[in-house]
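Here is a sequence together with a model predicted from it:
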Amino acid sequence: MPETLIKVKGLKTHIHTPEGVVRAVDGVDFEINKGEIVGIIGESGCGKSMTALSILRLLPPQAKVSGEILYRENDLLKYSPSQMREIRGKGISMIFQDPVTSLNPVFTVGNQICEAITLHQKISQKAAVEKAIEMLGLCGLPSPGEQFKRYPHQLSGGMNQRVMIAMSLVTHPEILIADEPTTALDVTIQAQILDLIQHLQSKLTMSVLLITHDLSIISAITKRVIVMYAGKVVEYARTSQIFAAAKNPAAALLHPYTRGLINSIPNIDFTETTPQTPLSPLSKRLNTIPGVVPNPMDIPTGCRFHPRCPNAVQVCREVEPKIRLCGEDHGIRCIDQGDRLKTED
Ligand SMILES: Nc1ncnc2c1ncn2[C@@H]1O[C@H](COP(=O)(O)OP(=O)(O)OP(=O)(O)O)[C@@H](O)[C@H]1O
Ligand code: SF4
Ligand SMILES: [Mg+2]
């Protein structure tokens, strides 16, 4: 049995705004096991970042969180601010989606990385500097000794992204949450960073929660995948199961939303993707699922996907589906329609 490090149960993160309550995360359950790379995929606004930020308790003050986030069986939602500071970095580290707001403009990048190291490890300043420069080099920064002395505004967006990646990996966390870690980078650097994450993951048996819009990255490096839609998990499965099911519509079950995501990129053999050969950005943006993600202040009744679902029937508009187990490690949030999904999807 794999060792479970994180167990998220019934997580709700609702943001109270003057206009209404944003149900950004609305009852999410999943697990992260030791040493595995799990992906979260879903369109923009479906609650991926809010889920990640909830785990680290880095939410806006108007957010209200409920449910449980068990880290080694202790509920992080019950931790004090100082206990959370202990966990961040050494236990769970995060690469944020937006590097600009995550780096401090008044300190050099080297200073910030060294601080991340010395906060959790008793090592000399000289050793911390060496470690920081080594990690900057590993993350693909040219002349890392020079970049170490620079301020964030003196570096490009992609370089700051790599600084942030270095900062989150340098403490050798047990779990890395990577929120769109390579979106801002060109394809070569993207491949380099994904390789680095994979290398460290296996060397340190680190667990990774990888958030992305990009199915080729999911296919290339994750073992399990969680599909989110409008604040809920609509499907979870082994990554290989999802792509095999997409290839063979007659034989396998797949949530209509997951199928829509995969079908929105035509004629791609995802089983061929690797961190070294991710898809070109052009090939990833061809079609989209008709319709839009619902406003999280006004979520549709019944199944949240029903306004966009090609298989929707009346009951879908009225009853909110539960996750239905349909194989080992595979769950689908769809009203059970017998063989309908197998034949008509
Ligand atoms: N501070 C905030 N105040 C109000 N609403 C917010 C706030 N932050 C996020 N939201 C809303 O919560 C929902 C979920 O946001 P989240 O950032 O988790 O989406 P996401 O899946 O990460 O999207 P993307 O792929 O674009 O990064 C969105 O509708 C977003 O507009
Ligand atoms: S419950 Fe109905 S609307 Fe929702 S995904 Fe299944 S078939 Fe589509
Ligand atoms: Mg996000």
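Structure received. Values in this document were obtained by computation on a predicted structure and should not be read as measured data. Ligands and ions are numbered 1, 2, ... in the order given.

how about the strands in the stretch 1-150 of the chain?
Remark: strands assigned in the stretch 1-150 of the chain by DSSP state E, counting those that start in this stretch are 4-17, 20-33, 37-41, 63-71, 74-75, 92-95.

Residue 12: what's its closest spatial neighbour, skipping adjacent residues?
residue 66 (4.9 Å; CB to CB, 6 or more residues apart in numbering). All C-beta spots, glycine's among them, are computed from the backbone N, C-alpha and C.

Now that residue 171 has come up, it's in contact with residue 87, right?
No. Using CB atoms under 8 Å, residue 171 is not in contact with residue 87; the gap is 11.4 Å.

if we can go back for a sec, any chance of CSV for the strands of the stretch 1-150 of the chain, columns distance to residue 325, mean pLDDT and mean neighbour count?
Putting the strands of the stretch 1-150 of the chain into CSV (distance: least, CB to CB, whole Å; pLDDT from 0 to 100; neighbours: other CB atoms under 10 Å) gives the following:
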stretch, distance to residue 325, mean pLDDT, mean neighbour count
strand 4-17, 17, 97, 18
strand 20-33, 13, 97, 20
strand 37-41, 18, 97, 25
strand 63-71, 21, 98, 16
strand 74-75, 25, 96, 12
strand 92-95, 28, 94, 25
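
Mind putting those strands into CSV with distance to ligand 1?
Formatted as CSV, the strands of the stretch 1-150 of the chain follow (distance: least, CB to the nearest ligand atom, whole Å):
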stretch, distance to ligand 1
strand 4-17, 4
strand 20-33, 3
strand 37-41, 8
strand 63-71, 7
strand 74-75, 21
strand 92-95, 13
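
residues in contact with residue 135?
113, 166, 169, 170 (CB atoms under 8 Å, 6 or more residues apart in numbering).

Which ones among these lie within helices?
The helices, defined by DSSP state H, take in 113, 166, 169 from those.

Would you map the helices across this protein?
Under DSSP H, the chain gives helices at 48-55, 81-87, 99-102, 109-120, 125-138, 144-147, 157-169, 187-203, 215-221, 239-247, 256-263, 281-284, 314-318, 340-344.

any chance of those in JSON lines, with distance to ligand 2 and mean pLDDT too?
Shown next, in JSON lines, are these (distance: least, CB to the nearest ligand atom, whole Å; pLDDT from 0 to 100):
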{"stretch": "helix 48-55", "distance to ligand 2": "19", "mean pLDDT": "97"}
{"stretch": "helix 81-87", "distance to ligand 2": "36", "mean pLDDT": "92"}
{"stretch": "helix 99-102", "distance to ligand 2": "35", "mean pLDDT": "74"}
{"stretch": "helix 109-120", "distance to ligand 2": "43", "mean pLDDT": "92"}
{"stretch": "helix 125-138", "distance to ligand 2": "43", "mean pLDDT": "94"}
{"stretch": "helix 144-147", "distance to ligand 2": "48", "mean pLDDT": "96"}
{"stretch": "helix 157-169", "distance to ligand 2": "35", "mean pLDDT": "88"}
{"stretch": "helix 187-203", "distance to ligand 2": "31", "mean pLDDT": "84"}
{"stretch": "helix 215-221", "distance to ligand 2": "19", "mean pLDDT": "90"}
{"stretch": "helix 239-247", "distance to ligand 2": "15", "mean pLDDT": "87"}
{"stretch": "helix 256-263", "distance to ligand 2": "5", "mean pLDDT": "91"}
{"stretch": "helix 281-284", "distance to ligand 2": "24", "mean pLDDT": "46"}
{"stretch": "helix 314-318", "distance to ligand 2": "3", "mean pLDDT": "95"}
{"stretch": "helix 340-344", "distance to ligand 2": "7", "mean pLDDT": "42"}
